[in-house]
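Engineer: Have a look at this prediction, sequence included:
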Amino acid sequence: MTGSYFINTLKSSHAIHGPRHSLWQILLAGLPHRCGSRIATLACLLLTIAPWPPYVQADVRNNRSTVESASLIADFENSIVDSLLARLKSEFDQLPDNGLDFEFRETHATNDKLNILNYYHEQIQSIDTLRLDADRLLRLKLIGYTRLMPQQQARYASQDHALSPYHGPQVDLLRLLSNYPINPDSGLTPLLEQLTLLTHSLQQTPTVQENVTAAECLTLKGDVRKLSDTTVLNKVLRYRLAEMGLPDRIQNTYLDQFGAILEASIIPATNRFYANIDCDSRRPNAHTDPAYYQYRLRRFSANERSAESTHALGLEELQRIQQALTTQWQNLHPESYAADLYDQMRATQDVVLENDDAARQQYLSAVTDQIFDIQQAAPNWVSESPLTSLEIIAAAPLMSLYALPVEYQRPSEMLGQMVINFSESSPSWYELTAKTYYHTIPGLHQVRQQPRRLSTLLGANDDPGYFSGWSLYLTNMALNAAEEGSQERLGLLAMNAELAAMLVIDTGLHHLNWTRQQAIDFLLANTPTPQPTAARLVDEVRFRPAVMSAPYLGMLRAKQLAGDQPATAQRWRHLLAIGPVPDPLVTELQAWLKSD
């Protein structure tokens with residue numbers, strides 16, 4: 001039975017909690033630290049906003065009082081913004097936590113965010129923005145752009161949450177049971193709370209994605225039907241409990257608790273959901289709505305590129321990477337020839353793993369060693385902030401049908417996971433370093449935990465291009481220093497080629513109406529991606545428009561922010577700590593950075 005590897009660190013977090021207040025209450029709450037007691041607050045407020053005596057304004061020989069009063073009023077306006085943003089953040093923190101980022105979500109979760117943002121947007125209208133400093137002004141503009149995101153998500157909610165063979169409650173439930181942390185101290189309570197959230201989502205009427213074929217829909221429906229089999233679900237949980245080494249008595253107690261919630265809510269909800277899936281009305285090879293696809297491109301890359309320009313950019317970037325990849329391969333294999341380079345790379349991969357426990361243990365151990373090497377060899381690219389624990393695990397057997405070759409996920413605030421799928425194809429040894437850097441440190445595990453100075457409201461689901469883009473950028477910065485003839489550099493170029501190709505394939509499928517086979521053929525002809533992985537990646541692009549474009553487009557945005565200045569550790573930490581900023585504000589952000 002495959003074990004897992006932990007890399008333990010500590011992290012402290014501070015949350016602000018408080019009820020929603022009107023702007024007047026926010027003003028009063030923001031003053032006592034400057035004015036003293038609550039009784040003195042109103043007097044201080046009146047003194048702050050009251051007109052000054054005429055002689056103060058007329059004294060042209062000494063305008064010190066005028067300057068001080070203007071400074072006090074500006075300081076007051078800035079403190080209002082600080083209080084407002086703190087309370088806005090506290091309300092976001094109180095929304096239910098979606099532990100594993102369900103593919104299939106309740107629509108009202110988006111509406112809750114939108115309601116909060118709408119309320120505070122109204123309060124912002126009363127603030128004198130002319131008196132704000134550049135930092136607060138940029139924060140208020142970010143709230144305006146952040147508000148646009150749930151507005152668009154609410155508009156396209158049914159399409160975003162539509163089912164496919166790889167995305168929906170049939171996957172979410174297995175992912176929860178396979179990966180959500182089980183702490184003996186808290187028992188199954190946190191896991192059961194997440195199951196309750198998922199059960200609520202099953203109350204929605206199921207919608208199947210337009211580009212799902214009739215055969216794929218029947219497969220999907222069959223997978224949902226399997227959720228009604230309590231034997232299968234209990235087997236998944238029992239596997240987890242046995243892997244933890246828990247005594248049989250505790251395992252049986254947990255299984256009884258799980259069985260009770262299965263019978264009471266999950267199975268009935270699943271059966272209703274299954275009965276409402278309609279495969280008869282599927283339109284085979286239906287094309288993606290152009291307006292919906294443009295929304296997805298904007299959401300997952302946070303820029304305003306059109307599908308046409310994204311496709312052209314992908315071809316241009318891919319050609320540049322291919323040239324470097326050919327040179328790197330020939331440096332390592334002088335006897336080779338460039339005619340069928342990618343076939344050679346696929347044929348000469350250093351390892352083809354057997355899907356057995358010994359091979360998985362070897363690979364997981366190698367990944368863990370890689371992470372320790374990163375922390376020692378590349379201190380400039382490792383955060384000074386303490387990080388949560390990192391777990392290196394193999395995808396559970398039932399999840400292997402749905403998982404990508406390598407994934408990163410955060411099942412809880414205190415744990416990150418790099419999940420490797422051994423079912424068909426694991427990363428080759430020469431790609432191991434690059435994929436480990438990208439998914440762990442200095443990549444996703446680190447970037448998703450950095451403190452953010454500006455856009456504290458946007459998470460990994462709200463701006464994936466920021467998180468995955470910075471992760472890819474830092475991975476490239478860390479590995480670009482590798483020797484020209486190294487395997488690590490070869491693996492980096494191979495990963496970059498695959499991600500750049502996603503821009504071409506994504507726009508090809510959803511804008512140029514490519515077939516699935518066209519996309520697979522393009523990926524195999526232009527990158528060293530293995531055949532089984534190519535098919536799975538293309539299906540991910542088919543059923544999740546624009547998601548796979550986020551890393552490369554996000555990396556280009558990170559490069560734009562970083563500019564041509566030296567890539568010192570202090571500088572990238574400063575840039576990274578800004579937080580997600582939508583593309584329309586990048587120019588203002590660059591000006592703000594220069595003045596900061």
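Structural biologist: Done, it's in. Numbers count the residues shown, from 1 in each chain.

Engineer: rest of the way, CA atoms for contacts and neighbours
Structural biologist: Noted.

Engineer: What are the buried residues along stretch 579-596?
Structural biologist: Taking 16 or more other Cα atoms under 10 Å as the basis for neighbour counts, the residues of stretch 579-596 that come out buried are Gly579, Pro580, Val581, Pro582, Asp583, Leu589.

Engineer: Low-confidence bits of the stretch 401-550 of the chain, can you list those?
Structural biologist: In the predicted model of the stretch 401-550 of the chain, residues 424-427, 482-485 satisfy pLDDT under 70.

Engineer: quick one, helices of it?
Structural biologist: Taking DSSP state H, counting those that start in this stretch as the criterion, the stretch 401-550 of the chain contains helices spanning 429-439, 444-447, 464-479, 487-510, 516-526, 531-543, 550-562.

Engineer: Report the angle between the longest one and helix 464-479.
Structural biologist: Spelled out, that is helix 487-510. Between the direction of helix 487-510 and that of helix 464-479, the angle (axes from the mean of the first three to the mean of the last three Cα atoms, to 10 degrees) works out to 160 degrees.

Engineer: elements contacting helix 487-510?
Structural biologist: Helices and strands in packing contact with helix 487-510 are listed as helix 307-332, helix 429-439, helix 464-479, helix 516-526, helix 531-543, helix 550-562; criterion 3 or more Cα pairs under 8 Å, 6 or more residues apart in numbering; DSSP states H and E.

Engineer: any idea which of those helices is most buried?
Structural biologist: Most buried of the helices and strands packed on helix 487-510, by mean neighbour count (mean count of other Cα atoms under 10 Å): helix 464-479, with a mean of 25.

Engineer: Which residues does that one contact?
Structural biologist: Helix 464-479 is contacted from outside by 300-302, 378, 381, 434, 437-439, 442-444, 447-448, 460, 488-489, 492, 547, 550-559, 576, 579-581, using Cα atoms under 8 Å, 6 or more residues apart in numbering.

Engineer: remind me, longest helix of the chain?
Structural biologist: Counting residues, the longest helix found in the chain (DSSP state H) is helix 64-93.

Engineer: Next, the angle helix 64-93 makes with the helix or strand just after that helix.
Structural biologist: Using DSSP states H and E, the helix or strand that follows helix 64-93 in sequence is helix 107-124. Computed by the same axes, to 10 degrees, the angle separating helix 107-124 from helix 64-93 equals 170 degrees.

Engineer: Okay, and Val224 sits in which element?
Structural biologist: Element membership for Val224, per DSSP H and E: helix 214-226.

Engineer: Only alpha carbons, please: show the helix or strand following that helix as PDB.
Structural biologist: Proceeding C-terminally, helix 214-226 gives way to helix 230-244 as the next helix or strand, assigned by DSSP H and E. What follows is helix 230-244, C-alpha atoms only, in PDB (Å, rounded to 0.1, in the frame of the first residue of the first chain):
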ATOM      1  CA  THR A 230     -22.300   2.300  -0.700                       C
ATOM      2  CA  THR A 231     -19.800  -0.600  -1.000                       C
ATOM      3  CA  VAL A 232     -17.600   1.400  -3.400                       C
ATOM      4  CA  LEU A 233     -17.600   4.500  -1.300                       C
ATOM      5  CA  ASN A 234     -17.000   2.700   1.900                       C
ATOM      6  CA  LYS A 235     -14.100   0.900   0.200                       C
ATOM      7  CA  VAL A 236     -12.500   4.300  -0.700                       C
ATOM      8  CA  LEU A 237     -12.700   5.500   2.900                       C
ATOM      9  CA  ARG A 238     -11.600   2.200   4.400                       C
ATOM     10  CA  TYR A 239      -8.500   2.400   2.100                       C
ATOM     11  CA  ARG A 240      -7.700   5.800   3.600                       C
ATOM     12  CA  LEU A 241      -8.200   4.700   7.200                       C
ATOM     13  CA  ALA A 242      -6.100   1.600   6.800                       C
ATOM     14  CA  GLU A 243      -3.300   3.800   5.200                       C
ATOM     15  CA  MET A 244      -3.300   5.900   8.300                       C
END
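
Engineer: ok, and for helix 230-244, which residues are buried?
Structural biologist: For helix 230-244, the neighbour count (16+ other Cα under 10 Å) marks Thr230, Leu233, Asn234, Val236, Leu237, Arg238, Arg240, Leu241 as buried.

Engineer: want to throw the residues you listed into TSV with pLDDT and distance to Thr288?
Structural biologist: Compiled in TSV, the buried residues of helix 230-244 are given as follows (pLDDT from 0 to 100; distance: Cα to Cα, whole Å):
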residue	pLDDT	distance to Thr288
Thr230	83	36
Leu233	87	34
Asn234	88	38
Val236	86	35
Leu237	89	38
Arg238	88	41
Arg240	84	39
Leu241	88	42
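
Engineer: from those, which single one is nearest Tyr430?
Structural biologist: Within the buried residues of helix 230-244, distances to Tyr430 taken as Cα to Cα reach their minimum at Arg240, with 31.1 Å.

Engineer: residues touching that closest one, list them.
Structural biologist: Contacts were defined as Cα under 8 Å, 6+ apart; by that measure Arg240 touches Leu177, Ser178.

Engineer: My guess is Gln203 contacts Phe273. True?
Structural biologist: Yes. The criterion here is Cα atoms under 8 Å, and Gln203 meets it with Phe273 at 7.3 Å.

Engineer: Neighbour count: the two, which is higher?
Structural biologist: More crowded of Gln203 and Phe273, by other Cα atoms under 10 Å: Phe273, with 20 against 13.

Engineer: for the more buried one, what are its contacts?
Structural biologist: With contacts defined as Cα under 8 Å, 6+ apart, the neighbours of Phe273 are Leu202, Gln203, Gln204, Thr205, Pro206.

Engineer: 10 Å instead, please
Structural biologist: Under the criterion of Cα atoms under 10 Å, 6 or more residues apart in numbering, the contact list for Phe273 reads Pro169, Ser201, Leu202, Gln203, Gln204, Thr205, Pro206, Lys221, Val224, Arg225, Ile267.

Engineer: and the second one, how many neighbours?
Structural biologist: If I follow you right, that is Ser201. Look at Ser201: counted by other Cα under 10 Å, it has 20 neighbours.

Engineer: which one of the helices of the stretch 401-550 of the chain lies closest to Arg131?
Structural biologist: With distances scored as Cα to Cα, the stretch of the helices of the stretch 401-550 of the chain nearest to Arg131 is helix 550-562 (27.0 Å).

Engineer: now for the closest one, which elements pack on it?
Structural biologist: The elements that helix 550-562 packs onto, with contact taken as 3 or more Cα pairs under 10 Å, 6 or more residues apart in numbering; DSSP states H and E, are helix 290-301, helix 307-332, helix 464-479, helix 487-510, helix 569-576, helix 586-595.

Engineer: do that again at 7 Å, thanks
Structural biologist: Taking 3 or more Cα pairs under 7 Å, 6 or more residues apart in numbering; DSSP states H and E as the contact definition, the neighbouring helices and strands of helix 550-562 are helix 290-301, helix 464-479.
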